[in-house]
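Q: pasting the sequence and the predicted coordinates here, then a few questions.
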Amino acid sequence: DAGVIQSPRHEVTEMGQEVTLRCKPISGHDYLFWYRQTMMRGLELLIYFNNNVPIDDSGMPEDRFSAKMPNASFSTLKIQPSEPRDSAVYFCASTLRGQPQHFGDGTRLSIL
Amino acid sequence: RKEVEQDPGPFNVPEGATVAFNCTYSNSASQSFFWYRQDCRKEPKLLMSVYSSGNEDGRFTAQLNRASQYISLLIRDSKLSDSATYLCVVNVRGFQKLVFGTGTRLLVSP
């Protein structure tokens, strides 16, 4: 079975540019999560969706970050404009209620 | 205060040693507890859930102390392949929203 698929695996861009991260959850899963991981702050939940609806976005750092889930098989996390402090590994995870979360391989983002 | 706190380590142990990690959580209403494992430059993966009565999975034993709000993970007979970062994870509102500790790094040497 295919796991959670994220793209791109790596992204290097200059500050001020728009960055779009993509995630395809495991088929049939009804929850999707976006996390950010840094050395200093560890793994932080940014936002999560249930049945494509955002449930909790309290972890989204500021208005430069936005996330969408237009259908059950696709989600995006967008940063506009990007800043060097946004450099991190961004993980997407999905799950069925009551089951463990399955993580994608992550996107390593570097903002120069 | 962080919601979930762990000693970052690293814990350096020889093969065959027994090692234990602790984790404390601040929200007394937390309902579910887990240990995840994360290898270098990889995604986190569920190692085991932690049940109130304590539970064991092979060389791994997890325990929960609700009164003191801490969770522990014991690894017996350490293997080189156990080298990783171990993340303590707590849910704060239902099963779906998880809070991760920053992890404890374990290095097992020959």
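A: Yep, that arrived.

Q: what's the offset of the host helix or strand of residue A:11 from the middle of its chain?
A: Assigned by DSSP states H and E, residue A:11 belongs to strand A:10-13. Mean C-alpha position of strand A:10-13 versus that of the full chain (C-alpha atoms, centre = their mean, to the nearest Å) differs by 15 Å.

Q: does it reach chain B?
A: No - Strand A:10-13 does not reach chain B (C-beta under 8 Å from any C-beta of the partner chain); its nearest approach is 11.1 Å. C-beta coordinates here come from the backbone N, C-alpha and C atoms, glycine included.

Q: contacts for the next helix or strand after that strand?
A: Beyond strand A:10-13 on the C-terminal side, the first helix or strand identified by DSSP H and E is strand A:19-24. With C-beta atoms under 8 Å, 6 or more residues apart in numbering or on different chains as the test, strand A:19-24 has contacts from A:4-8, A:11, A:13, A:32, A:34, A:73-80, A:82, A:86, A:90, A:92, A:104, A:107, A:109, A:111.

Q: residue 8 - how many residues pack around it?
A: Looking at chain A here, since you left the chain open. By the criterion of other C-beta atoms under 10 Å in any protein chain shown, residue A:8 has 13 neighbours.

Q: other chain: chain B
A: Using other C-beta under 10 Å, residue B:8 has 14 other residues around it.
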